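kindly return the folded structure for what I paste below:
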Amino acid sequence: LLEEQFRNLYEAASAKEGVTGEILLQLLESRLDNTVFRMGFAKTRRQARQLVSHKHIVVNGGVLNIPSYLVKPNDVISLRPKSRNLEVVDDALDGSSRNKYKWVETDVKSRTGKMLYVPTMEEIPENINVQLIVELYSK
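Numbers count the residues shown, from 1 in each chain. Coordinates of the predicted model:
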């Protein structure tokens with residue numbers, strides 16, 4: 001994530017009503033590349049970003065190659081038919097702890113998944129001190 005993209009996300013979070021730090025984490029968690037990673041289609045976020053950028057991902061029936069797209073609850077995310085047997089995806093699904101996250105569900109057989117809801121700050125496994133981020137960007 002580039003600095004400018006991060007700042008834009010921070011500004012979007014601060015414009016919404018609620019706790020800025022929590023909203024920022026929810027926006028980061030809702031990015032398409034991160035959601036693909038959480039579903040287990042990729043081993044790393046970088047690999048997930050490449051899957052999205054190279055048009056292997058379909059959202060609600062349409063090919064989408066924008067990693068920063070914000071996934072909404074009940075959006076159906078799948079691999080394109082010609083991409084379903086990619087070795088990197090097979091490797092990721094074999095090694096992933098699928099359905100580890102309550103807010104996403106993955107169907108390995110059909111290579112589809114969906115975001116069930118936007119996670120709360122407590123559910124997000126990364127240990128991030130959002131207060132420091134908010135203090136830095138609020139200047």
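
what helices or strands is the helix or strand of the chain with the lowest mean pLDDT leaning on?
Every helix and strand of the chain was ranked by mean pLDDT, DSSP states H and E. The lowest is helix 130-137, at a mean of 80. Packed against helix 130-137, as judged by 3 or more CB pairs under 8 Å, 6 or more residues apart in numbering; DSSP states H and E, are the following elements: helix 3-15, helix 20-30. For every residue, glycine as well, the C-beta is placed using N, CA and C.

need the winner for burial among those helices.
Ranked by mean neighbour count, these are led by helix 20-30 with a mean of 21 (mean count of other CB atoms under 10 Å).

now tell me what touches that helix from outside.
The contact list for helix 20-30 (CB atoms under 8 Å, 6 or more residues apart in numbering) reads 1, 9-10, 12-14, 16, 34-35, 38, 70-72, 103, 115, 118-121, 124, 128, 130-131, 133-134, 138.

among those, which ones are buried?
For the contacts of helix 20-30, a burial check counting by 16 or more other CB atoms under 10 Å picks out 9-10, 13, 34-35, 38, 70-71, 103, 115, 118-119, 124, 130, 133-134.
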